[in-house]
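1. I need the structure of the sequence given here:
(one chain, ligands or ions: 1)
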Amino acid sequence: MAEEPCQCSDCQRFYKEHDRLIREFPTFKQQQELNWASIQSFRTLCNKITEELQRELSERQLNEDIRPEEKHISDIEITDSLEELESVNAYLYSIEALMERIFDTKFSNNIESKFKEIANELAPDPLNMDRLILNRLFHQTPDSPDRKNIN
Ligand SMILES: [Zn+2]
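-> So this is what the prediction gives:
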């Protein structure tokens, strides 16, 4: 018997997001851009947090009279996190270098059309026909050209 994919809420959220990213970014070029932006935003955020934590740590070293109860993040918590972030930033940097290599690839319109076609099979529109029809009705005004065509 084939194993059923896990249906816990985390996995379901993942399947949904996975399909959405195929549906909304169905070409090779769009996936390149999406993943580049995603890596860059992750890096920007992690770098900013690293800077911020380093600043906070050196401020504390200058003001040794800050009492422990005034710190809502402990020194050890900051030091540990900075260590973790250092590895994360190094990994992200490596991923960025690999992404640059992927960016060297460019496909013709014919191949991009194939991407779109397969994307459509992999992650078809989640809205069923009834919802689509209902949606169209909601967006129609009585005198829109669409309405006249239907009647
Ligand atoms: Zn799961």
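
2. from here on, contacts and neighbour counts on C-alpha atoms
-> Noted.

3. Can you say which helix or strand has the most centrally placed residue in the chain in it?
-> Against the mean C-alpha coordinate of the chain, by Cα atoms, centre = their mean, the closest residue is Ser38 at 5.6 Å. Ser38 belongs to helix 28-62 when assigned by DSSP states H and E.

4. Next, the buried residues of that helix.
-> By neighbour count on 16 or more other Cα atoms under 10 Å, the buried set for helix 28-62 is 28, 32, 36, 39, 43, 46-47, 50, 53, 57.

5. With respect to Gln7, which of those residues is nearest?
-> Distance to Gln7 across the buried residues of helix 28-62 (Cα to Cα) is lowest for Ile39, with 27.7 Å.

6. contacting residues for the closest one?
-> By Cα atoms under 8 Å, 6 or more residues apart in numbering, the contact list for Ile39 reads 92, 95-96.

7. Tell me where this structure has helices.
-> Here the chain has its helices, by DSSP state H, at 9-24, 28-62, 75-103, 109-122, 129-138, 145-150.

8. between these, which one is nearest to the ion?
-> helix 9-24 (4.2 Å; Cα to the ion).

9. Can you name every helix or strand that the closest one contacts?
-> Applying 3 or more Cα pairs under 8 Å, 6 or more residues apart in numbering; DSSP states H and E, we find helix 9-24 packed against helix 109-122.

10. give me the number of residues near Cys11?
-> 12 (other Cα atoms under 10 Å).

11. what sits against it?
-> Taking Cα under 8 Å, 6+ apart as the definition, Cys11 has no contacts.
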